[in-house]
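Novice: Quick one, fold the following:
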Amino acid sequence: MEQETNGTILIVDDEERIRRLLRMYLEREDYVIEEAENGTEALQKSLNQDYDVILLDIMMPEMDGIEVSHELRKEKTTPIIMLTAKGEEANRVQGFESGADDYIVKPFSPREVVLRVKAVLRRVSQSSQKGAAQTAKNILVFPHLAIDHDAHRVTADEKEVSLTPKEYELLMFLAKSPDKVFSREELLKEVWQYEFFGDLRTVDTHIKRLREKLNNVSPEAAKMIVTVWGVGYKFEVDDV
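Specialist: Sure thing, here's the model as predicted:
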């Protein structure tokens, strides 16, 4: 009889000690672990096999994590958590633009990585359950903007907007509660599923990129993502 597991995780890092450390902590939580030591190997494995989460280092030989994420997103929506020693905003933005779902700066606590993996898997599970339960409410239509949840497609003024999985989730979450203000902490908890860890700038970075992408297609749609100074953000339907 096969032992039940909590999922399969691909750890990608050119440092063996980091792979070994993460493997030890994650296997304690009953995850099946596979490893890759460079970007080329990681991309090949992740295209040929379905993983539940990919822990992906940015700085690697042959092909860096940004390129791996970008290429993988052409084929799959596997959740990606970036691991990197670079903590500047520009590097976070680059990682998110390539399709990463999360970003952890080295040095990190292995326990934090475990919690973030669990948060990503919990979010994916909840999203699947909600998707299975929804019927006629799968399309949200507003002035200048439409979200087709079944097709995972966003259109602004009838033009398609290309969003990363996390940008889409953030927009969908806000749009389901028009005019309700959410703090950055609430968005981290609800969209990223963070309660113990999380950089509030992650929310700001995603909001910025979401607005930019909407604005490139429809400035009116971009105005629907409103900053409530000192509080957080909301999706505003009126006066757009």
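Novice: where in the protein is pLDDT low?
Specialist: Judged against pLDDT under 70, the low-scoring parts of the chain cover residues 1-4, 86-89, 125-137, 195-198, 238-240.
Novice: where do the helices sit along it?
Specialist: In the chain, helices defined by DSSP state H lie at 16-28, 39-48, 65-72, 89-97, 110-133, 165-175, 184-191, 200-217, 219-222, listed in chain order.
Novice: Mind putting those helices into JSON lines with mean neighbour count?
Specialist: For the C-beta atoms, the positions are set from N, CA and C on the backbone; glycine is no exception. Supplementary listing: these in JSON lines, determined by neighbours: other C-beta atoms under 10 Å:
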{"stretch": "helix 16-28", "mean neighbour count": "15"}
{"stretch": "helix 39-48", "mean neighbour count": "18"}
{"stretch": "helix 65-72", "mean neighbour count": "22"}
{"stretch": "helix 89-97", "mean neighbour count": "17"}
{"stretch": "helix 110-133", "mean neighbour count": "15"}
{"stretch": "helix 165-175", "mean neighbour count": "20"}
{"stretch": "helix 184-191", "mean neighbour count": "18"}
{"stretch": "helix 200-217", "mean neighbour count": "18"}
{"stretch": "helix 219-222", "mean neighbour count": "18"}
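Novice: What separation do you get for the residue nearest the centre of the chain and Gln94?
Specialist: Taking C-alpha atoms, centre = their mean, the centroid of the chain lies closest to Asp101, which sits 2.1 Å from it. Asp101 sits 14 Å away from Gln94, going by C-beta to C-beta, to the nearest Å.
Novice: Also Pro79?
Specialist: For Pro79 relative to Gln94 (C-beta to C-beta), the value is 18 Å.
Novice: and Asn91, what is it in contact with?
Specialist: When contacts are counted by C-beta atoms under 8 Å, 6 or more residues apart in numbering, Asn91 touches 58, 84.
Novice: How is the chain partitioned into domains?
Specialist: By the assignment in automatic domain parsing, the chain contains the domains 8-129, 135-235.
Novice: what about the helices of the chain, which gets the closest to Ile139?
Specialist: Ile139 lies closest, by C-beta to C-beta, to one member of these: helix 165-175, at 11.1 Å.
Novice: okay, the angle between the closest one and helix 184-191?
Specialist: Orientation of helix 165-175 against helix 184-191 (axes from the mean of the first three to the mean of the last three C-alpha atoms, to 10 degrees) gives an angle of 110 degrees.
Novice: when you compare where helix 165-175 runs with where helix 89-97 runs, what's the angle?
Specialist: Angle, helix 165-175 to helix 89-97, by the same axes, to 10 degrees: 90 degrees.
Novice: list the helices and strands helix 165-175 packs on?
Specialist: Here helix 165-175 is seen to pack against strand 139-142, strand 145-148, helix 184-191, helix 200-217, strand 232-235 when contacts are counted using 3 or more C-beta pairs under 8 Å, 6 or more residues apart in numbering; DSSP states H and E.
Novice: rewinding a little: rebuild the helices of the chain as JSON lines, extending it with distance to Lys159.
Specialist: Converted to JSON lines, those look like this (distance: least, C-beta to C-beta, whole Å):
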{"stretch": "helix 16-28", "distance to Lys159": "41"}
{"stretch": "helix 39-48", "distance to Lys159": "30"}
{"stretch": "helix 65-72", "distance to Lys159": "22"}
{"stretch": "helix 89-97", "distance to Lys159": "20"}
{"stretch": "helix 110-133", "distance to Lys159": "25"}
{"stretch": "helix 165-175", "distance to Lys159": "15"}
{"stretch": "helix 184-191", "distance to Lys159": "25"}
{"stretch": "helix 200-217", "distance to Lys159": "5"}
{"stretch": "helix 219-222", "distance to Lys159": "9"}
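Novice: Sounds good, over and out.
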